[in-house]
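1. Everything below, folded, please.
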Amino acid sequence: MPLKKGRSNKAMSSNIKEMLDSWKQNGKIGTSSPANKKKAIKQAVAIAYRKSGRSRRKISKEPRYNVAG
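-> Below is the predicted model of the structure:
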């Protein structure tokens, strides 16, 4: 079944569940084949965020270093 479009948490959790079910059946999520369940979950979450157009982390615009002077 294709992944659902949408930004809601319901659509994202549905997509993650669907990808993990397919990983359990054939050992693949899309074209990747994660070695263990933890990596499969991380991959499924990344794909779900990408599909929904949401960002997983907020990226700060501030520099990470201090400029002296």
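
2. got any ranges where the chain has weak pLDDT?
-> 1, 56-64, 66-69 (pLDDT under 70).

3. residue contacts, Arg54?
-> Arg7, Met12 (CB atoms under 8 Å, 6 or more residues apart in numbering). The C-beta positions use only the backbone N, C-alpha and C, and glycine is treated the same way.

4. Which helix runs longest in the chain?
-> The single longest helix within the chain, with elements called by DSSP state H, is helix 9-26.

5. Let me know how buried the closest residue to Ala11 other than its chain neighbours is, in neighbour terms.
-> Take Ala11 and drop its neighbours on the chain: the residue closest to it by CB to CB, 6 or more residues apart in numbering is Lys4, 4.5 Å away. Other residues lying near Lys4 total 16 when counted by other CB atoms under 10 Å.

6. tell me the contacts of Lys4?
-> Ala11, Ser14, Asn15.

7. so the residue positioned nearest the centre of the chain, which of the three states?
-> In the chain, the centroid-proximal residue (CA atoms, centre = their mean) is Ala46; its distance is 1.5 Å. Here Ala46 is helix, with the state taken from DSSP: H, G, I helix; E, B strand; the rest coil.

8. How about the one 5 residues further on?
-> Three states are possible here, and by three-state DSSP the one that applies to Lys51 is helix.

9. Quick check: it vs Asn36, distance?
-> Using CB to CB, to the nearest Å, Lys51 is found at 23 Å from Asn36.

10. likewise Ala44?
-> 13 Å.

11. Settle it for me: which of the two has more neighbours?
-> Ala44 (23 against 7).

12. Do I have it right that that one meets Ser14?
-> No - using CB atoms under 8 Å as the test, Ala44 is too far from Ser14 to be in contact (11.3 Å).

13. What are the buried residues along stretch 12-30?
-> Met12, Ser14, Asn15, Ile16, Glu18, Met19, Leu20, Ser22, Trp23, Ile29 (16 or more other CB atoms under 10 Å).

14. same deal with stretch 44-53?
-> Ala44, Val45, Ile47, Ala48, Tyr49, Lys51, Ser52.
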